[in-house]
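model the following, please.
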Amino acid sequence: MTTSACLFEFARVLFIGSLLIVSACAESETASSPHERMVASCIVPSEITATVDIPGGEYLMGDDRFYAEEAPVHKVQLAAFNIDATEVTNRQFSEFVEKTGYVTRAERGLPEPEFDHVSEQLRHPGSAVFFSPAAGKGLNPATWWRFVEGASWRAPIGPGSTIEGLENYPVVHVALEDALAYAEWKGRRLPSEAEWEAAARGGNNSSRDTWGDGGLEDSDYPQANTWQGIFPVINQKTDGYIGAAPVGCFPQNGLGLYDMIGNVWELTSNEFSPVRDAPAKRPGAQDRHQRNAAAVIKGGSYLCAENYCRRYRPAARQPQEWAFSASHVGFRTAKSIDQRRSRMK
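Sure, this is the predicted structure:
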């Protein structure tokens, strides 16, 4: 893949909206606005540490209605596992960094020889940030985003920005290796794609959507943080947010999980293949010599709209190059359940 093609794919799949949270929060809103109602229902910080047990069994995967990489619909057998109720937050990731001294890939850049094929600018410390184009100039995806030097989980829109006041927002600008390091520190791991999809269906195993086969657009009340309006130029903000939202501000699914759909894309432990029935592989250190190695990300983000990227569904999937990060990509962790111990309780 050429540098320009690599950059375009990186942008198409991973680049996100600059966190317009600052401007959004500055807007005056009435007490009856969607934003006020959403904030009132956000979970408290103590609930963010909760996890949920998902029973083992047969689960539905895939979707044949939208994108080829999601098909075919099929069943998988999963062992019981435990998964975070919310996406990992800035507060939680900060604790990890403070106690370990860990430095993320976005903060380190790409100095290794295996990245010689990447343009010099993209090898500098930094990450991907989306900028909504002016009306009439939104047809070219190359105008939607920029690689911002200095952007990281600490500085989500670049130098001068901070996560102060965003402690309960999902941590973003994390690459696969960063998520793996955090999960290992917690004594956990990333969920597999199949585990993540089973959890996202919320126990509604007969349906291909979290909210039933009608889909997100048929809901009378915002069910997830997505883009309402004409992407990428008009966001009506009827769900209360232009950018990311704090975790746990939208209704939990039938299994008690928050934000499995929308808000930010979430990393999984599987290597991406456009063919669903390809052998599942887990990207990691042994794959780093492969220039195009990518992990599966799931769930869509606040940039997914009805007219573009209708990937706010459990079966939706995209690749995320292992060494790159963006401000609409985060993660949650999982852990296998010892079924023998469960039976003894």
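
next one: stretch 170-178 to chain centre, how far?
Centre-to-centre, stretch 170-178 and its host chain are 9 Å apart (Cα atoms, centre = their mean, to the nearest Å).

ends of it, what's the gap?
From its first residue to its last, stretch 170-178 covers 14 Å (Cα to Cα, to the nearest Å).

buried ones in that stretch?
Residues 170-178 are the ones in stretch 170-178 that count as buried (16 or more other Cβ atoms under 10 Å). (C-beta placed from N, C-alpha, C; glycine too.)

go on, stretch 184-197?
188-197.

can you check stretch 227-238 too?
Buried, per 16+ other Cβ under 10 Å, within stretch 227-238: 227-228, 231-232, 235, 237.

and the furthest pair within these?
P232 and K237 (14.0 Å; Cβ to Cβ).

and the gap between the residue positioned nearest the centre of the chain and T100?
What sits nearest the mean C-alpha location of the chain, by Cα atoms, centre = their mean, is W265, with 1.7 Å. As judged by Cβ to Cβ, to the nearest Å, W265 and T100 stand 25 Å apart.

what do you get for K335?
With distances taken as Cβ to Cβ, K335 is found 19 Å from T100.

more crowded one of these two?
K335 (17 against 11; other Cβ atoms under 10 Å).

am I right that the more buried one sits in a strand?
Yes: remark: K335 belongs to a strand, assigned using DSSP: H, G, I helix; E, B strand; the rest coil.

want to throw the buried residues of stretch 227-238 into TSV with pLDDT?
Below are the buried residues of stretch 227-238 laid out as TSV (pLDDT from 0 to 100):
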residue	pLDDT
W227	71
Q228	78
F231	78
P232	75
N235	79
K237	79
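
just put these in TSV and tack on secondary structure.
Below are these laid out as TSV (three-state DSSP):
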residue	secondary structure
W227	coil
Q228	coil
F231	coil
P232	coil
N235	coil
K237	coil
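
which one of these sits closest to K298?
For those, the nearest to K298 is W227 (17.5 Å; Cβ to Cβ).

who's in contact with the closest one?
235, 302-305, 308 (Cβ atoms under 8 Å, 6 or more residues apart in numbering).

enumerate every residue touching the closest residue to it other than its chain neighbours.
Residue nearest to W227 in three dimensions, not counting chain neighbours: A305, with 3.9 Å by Cβ to Cβ, 6 or more residues apart in numbering. Counting by Cβ under 8 Å, 6+ apart, A305 touches 226-231.

farthest-separated two in those?
Maximum distance among the contacts of A305 (Cβ to Cβ): 13.2 Å, for T226 and I230.

what is the mean pLDDT for the helix or strand where W196 lies?
Using DSSP states H and E, W196 sits within helix 193-200. The average pLDDT within helix 193-200 is 96.

any buried residues in the following helix or strand past it, and which?
Counting by DSSP H and E, the next helix or strand C-terminal to helix 193-200 is strand 265-271. For strand 265-271, burial by neighbour count (16+ other Cβ under 10 Å) applies to 265-271.

if I look at P156, how far off is F130?
Taking Cβ to Cβ, one finds P156 at 11 Å from F130.

any common contacting residues for the two?
S327.

how about low-confidence regions in the stretch 201-345 of the chain?
205-221, 276-292, 339-345 (pLDDT under 70).

the chain: strands as residue ranges?
51-54, 57-61, 74-78, 81-84, 126-130, 145-149, 265-271, 294-298, 317-321, 329-330, 334-336 (DSSP state E).

what's the angle from the longest one to strand 317-321?
I take that to be strand 265-271. Counting by axes from the mean of the first three to the mean of the last three Cα atoms, to 10 degrees, strand 265-271 points 80 degrees away from the direction of strand 317-321.

each with direction, which strands does strand 265-271 pair with?
Looking at strand 265-271 with DSSP bridges, its partner strands are strand 294-298 (antiparallel), strand 329-330 (parallel).

return that strand as PDB; C-alpha atoms alone will do.
C-alpha atoms of strand 265-271 as PDB (Å, rounded to 0.1, in the frame of the first residue of the first chain):
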ATOM      1  CA  TRP A 265     -15.200   2.800  18.200                       C
ATOM      2  CA  GLU A 266     -13.800   0.000  20.400                       C
ATOM      3  CA  LEU A 267     -10.700  -2.100  19.900                       C
ATOM      4  CA  THR A 268     -10.900  -5.900  20.000                       C
ATOM      5  CA  SER A 269      -8.200  -8.600  20.200                       C
ATOM      6  CA  ASN A 270      -8.800 -10.000  16.600                       C
ATOM      7  CA  GLU A 271      -6.800  -9.100  13.600                       C
END
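
coming back round to it: of all the strands of the chain, which lies closest to R201?
R201 lies closest to strand 57-61 among the strands of the chain, at 6.8 Å (Cβ to Cβ).
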